[in-house]
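> Below: sequence and its predicted model.
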Amino acid sequence: MAQITASLVKELREKTGAGMMDCKKALKETDGDLDKAVEYLRTKGLSDAAKKSDRVAAEGIVTSYIHAGGKIGVLVEVNSETDFVAKNEEFQELARDIAMHICASNPKYVSPDEVEQSVINAEKDIYIAKAKESGKPEHIIEKIVEGQVNKFVNSICLLTQPFVKNPDLTVEQYIAEKIAKIGENIRVRRFSRYELGEGLEKKEENFAEEVMSQIKKD
């Protein structure tokens, strides 16, 4: 059994934001392996979040993020169970982070179950046509297309996108970690994203890089 030192516990706390006792337990369970301990805490966070997912979250806040120069604006509603948590600084930071993420990554839906079947079918038809052109067998095409459709759906949904401030996590995993820490169910109910000149023909810009650059300055 590896020795669990105070410095190791501190390092794990800095990486995950988990409590001291949770960090000690994670390191003991993983024999002092820091990377495995991080994964252990993330899994625990998802488990804790799942247990709280059925609890009503009707409080919360609507927060906004305006990209420097006023090029993009985001409004997002993030719900908590109580008004007390809604006023919590960590909860409000979570809401701002989500708004920044929406600004940078431009999701179209909150979660995959919101994506219309017509959107999925249209994308699937494109993948099938491309796969058939390659001359691959039918049973191989089916597996390839299924993977491509799942990847497409995940890429356009907020909760399944890699979190812009830590791409090792999805937004859903980031929220789950906060649920475990704050102790209440948290959910993103809806959002709106406005981009200057959207729908008009204009030069494309890499807004994600601009937003992340601004976040680092803040």
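Happy to help now that I have it. Residues are numbered from 1 along each chain as shown.
> Quick check, residue 149 in contact with residue 121.
No: contact criterion Cβ atoms under 8 Å: residue 149 and residue 121 do not qualify, at 9.4 Å. All C-beta spots, glycine's among them, are computed from the backbone N, C-alpha and C.
> Between the two, tell me which one has more neighbours.
Taking neighbours as other Cβ atoms under 10 Å, residue 149 and residue 121 compare with residue 149 leading, 17 against 10.
> How many residues are close by the closest residue to the more buried one other than its chain neighbours?
Nearest residue to residue 149, sequence neighbours excluded (Cβ to Cβ, 6 or more residues apart in numbering): residue 124, at 5.3 Å. The local packing of residue 124 (other Cβ under 10 Å) involves 16 other residues.
> repeat for residue 185
As a burial measure, residue 185 scores 19 neighbours (other Cβ under 10 Å).
> Helix or strand for it, just tell me which one.
Here residue 185, judged by DSSP states H and E, is contained in no helix and no strand.
> And for residue 175?
Counting by DSSP H and E, residue 175 is found in helix 171-182.
> and after that helix, which helix or strand comes next?
Downstream of helix 171-182, the next assigned helix or strand under DSSP H and E is strand 187-195.
> Please tell me how far that next one is from the chain's geometric centre.
13 Å (Cα atoms, centre = their mean, to the nearest Å).
> for stretch 92-107, same thing?
On Cα atoms, centre = their mean, the centre of stretch 92-107 falls 9 Å from that of its chain.
> cool, and stretch 190-199?
19 Å.
> Run the angle between the helix holding residue 175 and strand 187-195 for me.
Interaxial angle of helix 171-182 relative to strand 187-195 (axes from the mean of the first three to the mean of the last three Cα atoms, to 10 degrees): 130 degrees.
> Extract the C-alpha trace of helix 171-182 and format it as PDB.
Only the C-alpha atoms of helix 171-182 are listed here, as PDB (Å, rounded to 0.1, in the frame of the first residue of the first chain):
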ATOM      1  CA  VAL A 171     -19.900  19.700 -19.800                       C
ATOM      2  CA  GLU A 172     -22.100  17.000 -18.200                       C
ATOM      3  CA  GLN A 173     -19.100  15.600 -16.200                       C
ATOM      4  CA  TYR A 174     -18.100  19.100 -15.100                       C
ATOM      5  CA  ILE A 175     -21.600  19.800 -13.800                       C
ATOM      6  CA  ALA A 176     -21.600  16.300 -12.100                       C
ATOM      7  CA  GLU A 177     -18.500  17.300 -10.200                       C
ATOM      8  CA  LYS A 178     -20.200  20.500  -9.000                       C
ATOM      9  CA  ILE A 179     -23.300  18.500  -8.000                       C
ATOM     10  CA  ALA A 180     -21.100  16.200  -5.900                       C
ATOM     11  CA  LYS A 181     -19.400  19.200  -4.300                       C
ATOM     12  CA  ILE A 182     -22.500  21.500  -3.800                       C
END
